[in-house]
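In: Pasting a predicted model and its sequence here:
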Amino acid sequence: MADLTSKEFDLSVTTLRDVNQYLHRQMAADGVTAVTILNPDGAHSLACGMNAPAEIEIQGHVGYYVAGMNKHANVTVNGNAGPGAAENMMSGLVRVRGFASTSAAASARGGCMVIEGDAALRCGISLKGADIVVGGDVGSFSGFMAQAGRMVICGDAGDALGDSLYEAVIYVRGKVKSLGADAQYEEMTDADRASVAQLLGIAGFKHHPSEFRRIASARKLYHWNADANQEY
Amino acid sequence: MCGIVGLLLKNPQLRPRLGELMVPMMIGMTERGPDSAGLAVFTQPVGGSLYKLSLYAGENDVDWNAFLAALTAAMPGSHELRRAANHSVLTTSAPPEKVEAWIETHATDLTVLSIGKSIDLYKDIGAPAEVARRYEFAALQGTHLVGHTRMATESAVTPAHAHPFTAGHDFCLVHNGSLSNPNLVRRKLEPLGIEFETDNDTEAACRYFEWRLREGDDLPTAVRRGFEELDGFYTFLMGTDSELALVRDAFACKPAIVAETDDYVAVASEFRSLAHLPGVRNAKLFEPRPQEVYSWRI
Amino acid sequence: MPTDSTPSPEGSQHFSREESFTIDRRAIDYVQRAAATGLYEIRGLGAKRPVPHFDDLVFLGASLSRYPLEGYREKCSTRTVLGTRFATKPVELAIPITIAGMSFGALSANVKEALGRAATDMGTSTITGDGGMTREERNSSRTLIYQCLPSRYGFDPDDVRSADAIEIVIGQGAKPGGGGMLLGQKVNPRVAAMRTLPEGVDQRSACRHPDWTGPDDLAIKIRELREVTDWEKPIYVKVGATRVFNDVKLAVHSGADVVVVDGMQGGTAATQTCFIEHVGIPTLAALRQAVDALEDLNMRGQVQLIVSGGIRTGADVAKAMAMGADAVSIGQGVLVALGCNSETYLQGDRQVSAVADYHRLGTAPGFCHHCHTGKCPVGVTTQDAVLEQRLQPAIGARRVRNYLKTLTMELTTLARACGKQDVHHLEREDLVALSVEAAAMARVPLAGTSWIPGHGAT
């Protein structure tokens, strides 16, 4: 008996446009809650604009903007993701099992993004409230102008981590090549350790919260100030 | 801006299929670069005193036989032409710079695109699939190649502005990105005797490396010096007769991805250009880090 | 002989009043301000310096060889459709005059509602601006364009889905290459919440988009927005006027349905003065380059062009359209219609003087550019709960509607005088220039001659 709540698409025979339109307009009406997508072969904007709960499994590597603006759905990429993965996501969970390219979870406002491998530069740029957990390293300028939300980095970070940080908080386990403007180390509190534990739990990474350091904004760039030698 | 592709075949048995493997890579980059396409392929080097020059006629109606006859009469040595559409590869035993100078004065309908013992260079306006058909890219054989599809930015859409750009012998460069100080670079190099053909920012980078290689830097050293002197966002892919080299600037805003197996190394701006390659599912896939020079030798 | 040592005015002493051209009063004021503050000046509005503009062009109206249409009786259509290239639901407007993107944050919620109501009344569109979409604006504006900016403040896929079109902003005329700016005094609780910022901070927006750079990646970003909206909605691409010829070509290559070009006279609520005055080219020059680019690609009619930056009058609109724009967008003019730089504001049916409030800001009506302070004396560019009451939506809507109506009447008057049954039939051959600079920038002949500087015979 066929499982009527799940559906499979093969991008080598069905167009991206048709797949996305199905996910947006037909899936919920059909009562389908699990979708598998085969042969993504680097396609862009796959499963972007999701607006209903569903388990989306993508078998292979994707291009830019996978699960862009995701709402409610759980999207898993069994492969690598190109730039802007889960950009501006609002809720739900996006998991990349391989590595994620630049600008992962850019401007993401809610939900959680898990990257099991490394993330390239600008991970969490302009973050606006979502959580990001990276199992590997992150590239330079990660957390750039991050306004709200939490980032947990299990590996190392590149240059300028948390440059121009607002109220987002970054937890790092490995080495940090350099901190960005206005970012500073702060003491981990019990609340921080609880956050890290919760996020590691969602990601399924087995590290101990006590191995992480907290990075937050020194708040010296919040107001223009002639005497502060601000660079802008 | 653009799409870049590169392919180096480690496995000699694949070398007859170099073009066949590359064409889908290039076509995958059409949306990034719909205006023009170009390719430098490195073949078995010609021997002895022979050199190859890639010649381009553009829209000009060239009588290739007459050209060959005139060259043969003017310049002692052997000269052979292999033609495809508005392009020919001239194999000559005469000193290549002399042949180039003769062409510049006596065959003004032609442009010399490259000089070397291995390199053949093709570039033209048109969609990548069209350009590939025009020059029969699918039939190309060789050890490695560097290719490019272009969406024109600050300089005109003319064949001269298409990539790859070349310098000296057996050296070429393709570029995805935009340099912000190309004119300063040009004005620094021209007094040193480096000649420019276009106002294209990529040519500025190519000539900059030409200068550094001339001054004795190896390619990685030249590239590292470029981090200080070339401003802007870039991914550069370069080819010499024996290697492919890839580098991204510190901001790494322009994309690049590499797939490596025992048989090949493939480079592209987007994974979808690599997805069809044999064995790519088990390939080592990675994105080059900023300000690191990656190179592979044949 | 006079022994009095007091010098006589007409006699021995000359009172020198030789002003420097280079170190004039403006330069003196600039240096003194810098010496006092140690910080660049930030202000609102657009470039104030004189540059060649539409006033330097005039129409060749009907004559013995060209016949006019009767005003009032013979029709002159103003209907305008934008976004026909790829979208299944293009934007349809009754007039080719739209309201430019100005953020909630820069403007009050009352103003956003007033603009929406006026636009709906006139059958045209508004744009959200760098602060996200408010309920007031979506509910009041029949056609609402949603901006996607480098900051992504408040960017929400639900708003993407509810918008009538999306405008990807690369830059704006006041500051091509710069990001948005909102000083702390305007980051009140509501604005802060929408932008995910702490209250009261000086907001500094990014100048580049976080997830793409360059036209090749813009092409992919545009596709993403199309996928999210199932290819229904037009995608506009807006640039500040710098390398317009190249930028418009690249925007077309990247897949834009509509290109928006904002010249240096374009306004802002807060930017460094040096940016406003010294970066970007005049709207007139930009417009010509944009049209050239579309013609070069043979895309006139397929990709529409909207131009903005100092459009003030019906004559400006008509000239912009004759030059080749499909529509114009107005920001500052609309704010002036609402009361910007007015001596008074309306309370009920009473005119109340605001002059004292201007003076408190260190300025006066007609000279004010203090949008950045949040203390707009007429309640337009403010978040202050008291000040914003000085602009009531219904009154504001009426005034903006009147202004747009006047512009439309002037536009059709001029078009009819040139013999056009449709304002989109205006062409650049209907224009001549009154100055050499305008002739060169617009590439229309100097009046009374056939000379276009750089292009041809006298």
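Out: Happy to help now that I have it.
In: In chain B, which residue sits closest to chain A?
Out: Here chain B gets closest to chain A at one residue, B:Arg272, 3.0 Å apart by Cβ to the nearest Cβ. Just so you know, the C-beta spots here come from the backbone N, C-alpha and C atoms, and that holds for glycine as well.
In: Check whether that residue really touches A:Leu46, as I assumed.
Out: No. Using Cβ atoms under 8 Å, B:Arg272 and A:Leu46 do not qualify as a contacting pair, with a distance of 11.2 Å.
In: The two: which has the busier surroundings?
Out: A:Leu46 (30 against 24; other Cβ atoms under 10 Å in any protein chain shown).
In: I'd like to know how far the more buried one sits from chain B.
Out: Using Cβ to the nearest Cβ, to the nearest Å, one obtains 11 Å as the distance from A:Leu46 to chain B.
In: Quick check: pLDDT value at residue 18.
Out: Here I'm looking at chain A. Note on A:Asp18: pLDDT of 98.
In: other chain: chain C
Out: Model confidence at C:Glu18, expressed as pLDDT, equals 90.
In: Measure how buried it is and give me the count.
Out: Per other Cβ under 10 Å, the neighbour tally for C:Glu18 reads 4.
In: how many other residues sit next to C:Gly362?
Out: Each residue near C:Gly362 was counted by other Cβ under 10 Å, and the total is 10.
In: Grab the nearest non-local neighbour of it.
Out: Spatial nearest neighbour of C:Gly362, excluding adjacent residues (Cβ to Cβ, 6 or more residues apart in numbering or on different chains): C:His370 at 7.8 Å.
In: Contacts only, for that neighbour.
Out: With Cβ atoms under 8 Å, 6 or more residues apart in numbering or on different chains as the criterion, the residues that contact C:His370 are C:43-44, C:361-363, C:376.
In: Now which of these would you call buried?
Out: Among the contacts of C:His370, the ones that count as buried by 16 or more other Cβ atoms under 10 Å in any protein chain shown are C:43-44, C:363, C:376.
In: okay, those in a markdown table with secondary structure next?
Out: Output for the buried ones among the contacts of C:His370, formatted as a markdown table (DSSP: H, G, I helix; E, B strand; the rest coil):
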| residue | secondary structure |
| --- | --- |
| C:Arg43 | strand |
| C:Gly44 | coil |
| C:Thr363 | coil |
| C:Cys376 | coil |
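In: Can you tell me which of those comes closest to chain A?
Out: Proximity to chain A was ranked across those by Cβ to the nearest Cβ; first place goes to C:Arg43, at 13.7 Å.
In: Give me the pLDDT value at the residue nearest to C:Gly362.
Out: The predicted local distance difference test score for C:His370 is 94.
In: For the residue nearest to A:Met90 when sequence neighbours are not counted, name its beta-bridge partners.
Out: By the measure of Cβ to Cβ, 6+ apart, the closest residue to A:Met90 outside its immediate chain neighbours is A:Lys71, 4.4 Å from it. Beta-bridge pairing for A:Lys71 (DSSP bridges): A:Asn51.
In: Name the residues of chain C found near chain B, please.
Out: Applying the criterion Cβ under 8 Å from any Cβ of the partner chain, the portion of chain C that neighbours chain B consists of C:208, C:213-217, C:219-220, C:243, C:246, C:249-250, C:253-254.
In: low-confidence ranges in chain A?
Out: In the predicted model of chain A, residues A:1-2, A:226-232 satisfy pLDDT under 70.
In: For the residues of chain C next to chain B, give me TSV that also has neighbour count and distance to chain A.
Out: Supplementary listing: the residues of chain C next to chain B in TSV, determined by neighbours: other Cβ atoms under 10 Å in any protein chain shown; distance: Cβ to the nearest Cβ, whole Å:
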residue	neighbour count	distance to chain A
C:Arg208	17	10
C:Thr213	21	9
C:Gly214	23	12
C:Pro215	27	14
C:Asp216	29	11
C:Asp217	24	7
C:Ala219	23	10
C:Ile220	24	5
C:Arg243	16	24
C:Asn246	18	24
C:Lys249	25	22
C:Leu250	26	18
C:His253	21	17
C:Ser254	24	13
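In: Up against chain A, what does the stretch 151-298 of chain B have?
Out: Counting by Cβ under 8 Å from any Cβ, the positions of the stretch 151-298 of chain B adjacent to chain A are B:250-253, B:255, B:257, B:270-276, B:285-287, B:289-290.
In: Where does the residue lying farthest from the centre of chain B sit, in terms of helix or strand?
Out: Relative to the average C-alpha location in chain B, and by Cα atoms, centre = their mean, no residue lies farther out than B:Ala73, which sits at 30.9 Å. When secondary structure is defined using DSSP states H and E, the element that contains B:Ala73 is helix B:64-74.
In: Buried residues, the helix or strand following that helix. List them.
Out: Counting by DSSP H and E, the next helix or strand C-terminal to helix B:64-74 is strand B:79-84. Judged by neighbour count (16+ other Cβ under 10 Å), strand B:79-84 contains these buried residues: B:His79.
In: can you name the two of the residues of chain C next to chain B that are farthest apart?
Out: Put simply, by Cβ to Cβ the two of these set farthest apart are C:Ile220 and C:Arg243, 21.7 Å from each other.
In: what's near enough to touch the residue nearest to A:Met90?
Out: When contacts are counted by Cβ under 8 Å, 6+ apart, A:Lys71 is found next to A:50-52, A:89-92, C:157-158.
In: Produce a PyMOL select command limited to the buried residues of the residues you listed.
Out: Applying 16+ other Cβ under 10 Å to these leaves a buried subset, and the PyMOL line that selects it is:
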select buried, (chain A and resi 50+51+89+90+91+92) or (chain C and resi 157)
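In: Dump the contacts of A:Lys71 to TSV, plus distance to C:Arg66.
Out: Compiled in TSV, these are given as follows (distance: Cβ to Cβ, whole Å):
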residue	distance to C:Arg66
A:Met50	57
A:Asn51	55
A:Ala52	60
A:Met89	58
A:Met90	57
A:Ser91	62
A:Gly92	63
C:Pro157	51
C:Asp158	52
